[in-house]
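K.L.:
What follows is a predicted structure for the sequence shown.
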Amino acid sequence: EAAVTQSPRNKVAVTGGKVTLSCNQTNNHNNMYWYRQDTGHGLRLIHYSYGAGSTEKGDIPDGYKASRPSQENFSLILELATPSQTSVYFCASGDAGLGASYEQYFGPGTRLTVL
Amino acid sequence: GDSVTQTEGLVTLTEGLPVMLNCTYQTAYSTFLFWYVQHLNEAPKLLLKSSTDNKRTEHQGFHATLHKSSSSFHLQKSSAQLSDSALYYCALYTGNYKYVFGAGTRLKVIA
């Protein structure tokens, strides 16, 4: 069974503070993703990576940075958190390309509240 | 640009009635469509996927057919169960390792 874990599962942060959300996958997938989930907007892509050392901007990258130090780990960093970044964040891994399933495996999510 | 439209935000059904959740898409890339299901306080999980035009795909009692002529990939089930209550996402692979999701449809099945 493919496995994606996230930490922390819940986080309360103060406005202007730095927040780091971590994601680990044991699937040996090349691609990893960070999404945020908001009612009425669905899942929106923040950043993604197609391998260790790579990070790419998704559809809503403003206010977020990402880091992929290894195949297994992908972090999302909020340097200066704002209340508008209060949301549920999901990490996912998957493979795309010739012979791949294209399925994304999601982590359990991190609920972030910025006060 | 690439987009996925799910027109219903909430669908409420009585148990035993048929389910149909709508999904239309727009893309310039070759088409790969997905349905994900998310139960309360859980992660989204793949329900079914397709890239083949006019071929019915089935899984766990649900089915969908990709129609490229109408850019649609509607999700159907013949008889709703209480356990089907969940949030359903239609998603599109847009190329370059990226996906775009619809806004989601919450299905609520009542007794």
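P.N.:
Yep, it's here. Residues are numbered from 1 along each chain as shown, chains lettered A, B, ... in the order given.
K.L.:
Next to chain B in this structure, residues from chain A, please.
P.N.:
Counting by Cβ under 8 Å from any Cβ of the partner chain, chain A comes close to chain B at A:4, A:31, A:33, A:35, A:40-45, A:48, A:50, A:56, A:58-59, A:90, A:96, A:102-104, A:106-109. Where C-beta positions appear, they are placed from N, C-alpha and C, glycine not excepted.
K.L.:
at 6 Å what do you get?
P.N.:
A:31, A:40, A:42-43, A:50, A:96, A:102-103, A:106, A:108 (Cβ under 6 Å from any Cβ of the partner chain).
K.L.:
For those, give me CSV that also has neighbour count.
P.N.:
Conversion of those to CSV gives the following (neighbours: other Cβ atoms under 10 Å in any protein chain shown):
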residue, neighbour count
A:31, 24
A:40, 7
A:42, 21
A:43, 26
A:50, 19
A:96, 20
A:102, 18
A:103, 17
A:106, 23
A:108, 14
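K.L.:
Of those, which is the nearest to residue B:22?
P.N.:
Relative to residue B:22, the closest of the residues of chain A next to chain B is residue A:42; by Cβ to Cβ it sits at 14.2 Å.
K.L.:
Number of residues surrounding the nearest residue to residue B:52 once chain neighbours are set aside?
P.N.:
Sequence neighbours aside, residue B:66 is the residue nearest to residue B:52 in space, at 6.4 Å (criterion: Cβ to Cβ, 6 or more residues apart in numbering or on different chains). Number of residues near residue B:66 (other Cβ atoms under 10 Å in any protein chain shown) recorded here: 23.
K.L.:
try the one 10 residues further on
P.N.:
Residues near residue B:76, counting by other Cβ under 10 Å, number 15.
K.L.:
Mind picking the two most distant members of the residues of chain A next to chain B?
P.N.:
Taking Cβ to Cβ, the two most distant members of the residues of chain A next to chain B are A:40 and A:50; they sit 29.3 Å apart.
K.L.:
Show me the beta-bridge partners of the residue lying closest to residue B:84 once chain neighbours are set aside.
P.N.:
The spatially closest residue to residue B:84, leaving aside those adjacent along the chain, is residue B:109, at 5.3 Å (Cβ to Cβ, 6+ apart). Listed by DSSP bridges, the beta-bridge partners for residue B:109 are residue B:13.
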